[in-house]
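Q: after the sequence you'll find the predicted model.
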Amino acid sequence: GQQVMQIPQYQHVQEGEDFTTYCNSSTTLSNIQWYKQRPGGHPVFLIQLVKSGEVKKQKRLTFQFGEAKKNSSLHITATQTTDVGTYFCAANTGNQFYFGTGTSLTVIP
Amino acid sequence: NAGVTQTPKFQVLKTGQSMTLQCAQDMNHEYMSWYRQDPGMGLRLIHYSVGAGITDQGEVPNGYNVSRSTTEDFPLRLLSAAPSQTSVYFCASSPWGEKYGYTFGSGTRLTVV
């Protein structure tokens, strides 16, 4: 099946530092989605990227889709304690959506 | 709108028992799916459905059955529970089409002893 690799698996940052998680695929993706899961919660849809080289922003979050549509990144500027959680990328192959293994973000106050 | 509702929230089963995890959505979404989440392994697709009467297997379908008799409901059946099925199960739905994100239920935490 579709392999979507995500790194790093864990990241600890001091509050106010930046954070980036990366998602990589061996095949070209038609689109990529990003989700956030708070501890003990369920995944919540953040955004979808479709176009090559696309960049979208949501307040302190910046999402990028690579030119070759094989990789994507999520960057958080000046992390806050409310950013704590696991961030997943997801990509579809036909009718099936495959999730990356996620990056667990801990923010140290 | 309630969104995606999963029941029960918690369940403990003995090995060999069977049970059904319920999932219902009130958003008239065509696409529904079941995932299991295990530590370090992300979300793995068990089964999915693109509409009433249509189901298909995902990455890890063994030991699970599904049916989709209505647009709203997509139950997941564990035929004979095994300790390896201890996990958190999420149901998700979306409108048909690639441009939509999934709406997830709050999950069922299942322990098989």
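A: Cool, got the structure. The structure presented is a predicted model; accordingly, all values stated were derived computationally and were not measured. Numbering: from 1, shown residues only, chains lettered A, B, ... in the order given.

Q: and for B:Gly16, the neighbour number?
A: 10 (other CB atoms under 10 Å in any protein chain shown). For every residue, glycine as well, the C-beta is placed using N, CA and C.

Q: helix, strand or coil: sort out it for me.
A: Put simply, B:Gly16 is coil when judged by DSSP: H, G, I helix; E, B strand; the rest coil.

Q: distance of it from B:Tyr100?
A: Plainly put, B:Gly16 is 39 Å away from B:Tyr100 if you go by CB to CB, to the nearest Å.

Q: helix or strand with the lowest mean pLDDT in chain A?
A: strand A:96-99 (a mean of 84; mean pLDDT, DSSP states H and E).

Q: just the C-alpha atoms of that strand, please, in PDB.
A: Output in PDB follows, covering the C-alpha atoms of strand A:96-99 (Å, rounded to 0.1, in the frame of the first residue of the first chain):
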ATOM      1  CA  GLN A  96      -8.000   4.500   0.600                       C
ATOM      2  CA  PHE A  97      -6.500   7.100   2.900                       C
ATOM      3  CA  TYR A  98      -3.200   6.300   4.400                       C
ATOM      4  CA  PHE A  99      -1.900   8.100   7.500                       C
END
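
Q: adjacent strands (with direction) for whichever helix or strand comes after it?
A: Next along the chain after strand A:96-99, taking DSSP states H and E as the criterion, comes strand A:103-108. If you go by DSSP bridges, strand A:103-108 pairs up with strand A:10-14 (parallel), strand A:85-93 (antiparallel).

Q: give the next helix or strand downstream of the shortest one.
A: Next helix or strand after strand A:10-14 toward the C-terminus (DSSP H and E): strand A:19-25.

Q: any residue of that following strand up close to chain B?
A: No: judged by CB under 8 Å from any CB of the partner chain, strand A:19-25 and chain B are separated, with a smallest distance of 11.2 Å.

Q: which strands and helices lie in contact with that strand?
A: Judged by 3 or more CB pairs under 8 Å, 6 or more residues apart in numbering or on different chains; DSSP states H and E, strand A:19-25 is in contact with strand A:4-7, strand A:10-14, strand A:71-76, strand A:85-93, strand A:103-108.

Q: indicate which one of these is closest to A:Val44.
A: Of all the helices and strands packed on strand A:19-25, it is strand A:85-93 that lies closest to A:Val44, at 9.0 Å by CB to CB.

Q: so which bits of that closest one are buried?
A: By neighbour count on 16 or more other CB atoms under 10 Å in any protein chain shown, the buried set for strand A:85-93 is A:Gly85, A:Thr86, A:Tyr87, A:Phe88, A:Cys89, A:Ala90, A:Ala91.

Q: stretch B:5-18 now?
A: Neighbour-count burial for stretch B:5-18 [16+ other CB under 10 Å]: B:Gln6, B:Gln11, B:Leu13.

Q: so what strands line up beside the least confident helix or strand of chain A?
A: Using DSSP bridges, strand A:96-99 pairs in its sheet with strand A:85-93 (antiparallel).

Q: got the angle for the partner strand vs strand A:71-76?
A: Following axes from the mean of the first three to the mean of the last three CA atoms, to 10 degrees, one obtains 160 degrees for the angle between strand A:85-93 and strand A:71-76.

Q: run through the residues that contact B:Ala82.
A: Neighbouring residues of B:Ala82 by CB atoms under 8 Å, 6 or more residues apart in numbering or on different chains: B:Thr15, B:Gly63, B:Val112.
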